[in-house]
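> Provided below are the primary sequence and the corresponding predicted coordinates.
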Amino acid sequence: MDSDNRGGFIKRLRARLNRGGSWLSYDLANLAPGGKIDDDVLEDLEAQLIMADVGVETAEEIVGKLQERLARKELKDIHALTEGLRQSMTEILETVQAPLLIPESSRPFVILMVGVNGAGKTTTIGKLAKRLKQEGHSLLLAAGDTFRAAAVEQLQAWGERNEVPVIAQQAAADPAAVLFDAYEAAKARNIDVLLADTAGRLQNQKGLMDELSKIKRVLSRHDETAPQEIMLVLDASQGQNALVQASKFHEALGLTGIVVTKLDGSAKGGILLAVAGKLGVPVRFIGIGEAAEDMQPFRAGEYVDALLQTERNC
């Protein structure tokens, strides 16, 4: 994506995370109306962070670093507090800032997309297909969600839109068999990237989670390194439940990447900090809307700036 698209994305991200003003900057001013920063202010800030889906442990880590600064008399005013907060949050998020790279050595490079129903998995596949094609990769899509006819149709629509072929079978076909066939087709056609959809499932549905493990095993028979990317699509508006989902999927499959969608919804954006602090799985992309350009690679510094800026400062 060119810099104009990126700049427009950052403006939209900032506006959508900060509807009516920043979720933290505005509160910070209210937490310390006299401008004096003390332990009470930091305690209130910790509560704000938890309410913003940052999670208890990660909020404690952030505030712990601020308390060290306070003890060194470095938090003299709101500006110093904001800068300290920015630094602590950026350090946490930088640990999961890692773009998706398609190496030359693995062909086809298999990306297995997983997630619960409604997270935006099939739409994310369509956006990712467009991005990868623009980067010059040849692609094949695999309709591994055989439980919902609408999912296959939706994937085929994205395939037509991006001029990317789709491998699909009849409804209720074995998803592992579909992906096995798709891999063979990708190999025969010398395709760069195989993007595989799977049925949306709740993390507590053991049978469906076992099915994902089976798909992983079947693909590894073709190539012991496949799938090279197991990417979870996570709905930010789910709050702490999104963290529970991510933990369960990671435990079952060993996630290698995460896409966080719907940051333009009711979420306050802190869930990325919770995921980074708890799991450490790379966040590949973030999404703020339906258009293809509304999904962009995750960059920690830009994200924290968007969280901490008010609209009037944009």
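Now that the structure is in, tell me what you want to look at.

> switch to C-alpha atoms for all contacts and neighbour counts from now on
Fine.

> for L140, give me its contacts.
V164, P165, V166, I167, A182, A186, I191, V193, L194, L195 (CA atoms under 8 Å, 6 or more residues apart in numbering).

> so how far is stretch 46-57 off the chain centroid?
Stretch 46-57 sits 19 Å away from the centroid of its parent chain (CA atoms, centre = their mean, to the nearest Å).

> same deal with stretch 181-191?
On CA atoms, centre = their mean, the centre of stretch 181-191 falls 28 Å from the chain's centre.

> count of neighbours near the residue nearest to L279 when sequence neighbours are not counted?
Leaving aside its sequence neighbours, L279 sits nearest to S247 (CA to CA, 6 or more residues apart in numbering; 7.1 Å). Using other CA atoms under 10 Å, S247 is surrounded by 18 other residues.

> tell me where the stretch 51-200 of the chain has helices.
All helices of the stretch 51-200 of the chain, identified by DSSP state H, counting those that start in this stretch, fall at 56-71, 78-94, 121-134, 149-162, 175-188.

> any idea of the angle the longest one forms with helix 56-71?
So the one you mean is helix 78-94. 140 degrees (axes from the mean of the first three to the mean of the last three CA atoms, to 10 degrees).

> which residues in the stretch 201-314 of the chain form strands?
Using DSSP state E, counting those that start in this stretch, the strands assigned to the stretch 201-314 of the chain run over residues 229-235, 257-261, 283-287, 295-297.

> now do the same for the residue of the chain positioned farthest from its centre: helix, strand or coil?
Within the chain, G34 marks the point farthest from the mean C-alpha position, 38.1 Å out by CA atoms, centre = their mean. When classified by DSSP: H, G, I helix; E, B strand; the rest coil, G34 comes out as coil.

> list phi and psi for it.
The phi/psi pair for G34 (degrees, to the nearest 10) reads phi -90, psi 0.

> now do A173
Dihedral pair for A173: phi -70, psi 160, per degrees, to the nearest 10.

> quick check: pLDDT value at it.
Note for A173: predicted pLDDT of 86.

> ok, now L273?
At L273, the pLDDT value in this model is 95.

> could you measure from the residue nearest to it when sequence neighbours are not counted over to E60?
Nearest residue to L273 in three dimensions, chain neighbours excluded: V54, at 5.5 Å (CA to CA, 6+ apart). Distance, V54 to E60, by CA to CA, to the nearest Å: 10 Å.

> those two - which one has more neighbours?
Applying other CA under 10 Å to V54 and E60 shows that V54 carries more neighbours, namely 28 against 17.

> ok, now which ones touch that one?
Contacts of V54 by CA under 8 Å, 6+ apart are G270, I271, L272, L273, A274.

> wait, the second one touches N241, no?
In this case it means I271. No. Counting by CA atoms under 8 Å, I271 sits too far from N241 to count as a contact (9.6 Å).

> tell me which of the two has more neighbours.
Shown here are I271 and N241; by other CA under 10 Å, I271 has more neighbours (27 against 15).

> D235 versus the more buried one, what's the distance?
Distance from I271 to D235, counting by CA to CA: 10 Å.

> give me the common contacts of the two.
A242.

> where does this structure have low pLDDT?
Where the chain drops to pLDDT under 70, the residues are 1-4, 18-23, 25, 202-204, 266-267, 310-314.

> could you chop it up by domain?
When the chain is parsed with automatic domain parsing, its domains come out as 3-96, 109-299.
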